[in-house]
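Undergrad: take this sequence and fold it.
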Amino acid sequence: MKKLWIPLIVLAVLTPLGMLAPGTAWGEWGIEELEEMGIAVPAGLQRFSDLHPFVPIPDYSIPQLGNSFWLQAIAYVFSALIGIGICAGLIYLITFRKTAR
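TA: Numbering: from 1, shown residues only. You can find the predicted model right below:
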């Protein structure tokens, strides 16, 4: 199991490399970006766009940290670690539930 954690941590640390690329990440477009690209906004996306008003780390940044590249990089890594933790927790709960039967 430890062999799986090392690559995940390495990938989390490397996530700020995406900040060096121009534009937005593929598939992470919001309604505004789709409209700017001239793409029709799907009805479901339009309908559910305000479903989750609470976003813990909007745009993978923590506004209180400022706009420095390195501080934003820390926020990216923090976001990645939170995502890894949530996924690992869900997998653990699903696995624990199956083994408890």
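Undergrad: remind me, longest helix of the chain?
TA: helix 69-100 (DSSP state H).
Undergrad: by contact count, what packs against that helix?
TA: helix 2-14 (3 or more CB pairs under 8 Å, 6 or more residues apart in numbering; DSSP states H and E). C-beta: built from backbone N, CA, C; applies to glycine.
Undergrad: and the helix or strand following the helix it packs on, how far out from the chain middle?
TA: On the C-terminal side of helix 2-14, the nearest following helix or strand under DSSP states H and E is helix 31-36. Relative to its chain's centre, helix 31-36 lies at 19 Å (CA atoms, centre = their mean, to the nearest Å).
Undergrad: repeat that for stretch 73-86.
TA: The chain centre lies 8 Å from the centre of stretch 73-86; the measure is CA atoms, centre = their mean.
Undergrad: can you point out the buried residues in it?
TA: Residues 73, 75-80 are the ones in stretch 73-86 that count as buried (16 or more other CB atoms under 10 Å).
Undergrad: also stretch 46-62?
TA: Applying 16+ other CB under 10 Å to stretch 46-62 flags 60-62 as buried.
Undergrad: tell me which element residue 39 is part of?
TA: With DSSP H and E as criterion, residue 39 is part of no helix or strand.
Undergrad: could you check the pLDDT of it?
TA: Residue 39 carries a pLDDT value of 90.
Undergrad: how much space between it and residue 33?
TA: Applying CB to CB, to the nearest Å, the value for residue 39 to residue 33 is 9 Å.
Undergrad: measure the nearest residue to residue 57 once chain neighbours are set aside to residue 43 for me?
TA: Spatial nearest neighbour of residue 57, chain neighbours left out: residue 79 (5.0 Å); criterion: CB to CB, 6 or more residues apart in numbering. Distance from residue 79 to residue 43, counting by CB to CB: 29 Å.
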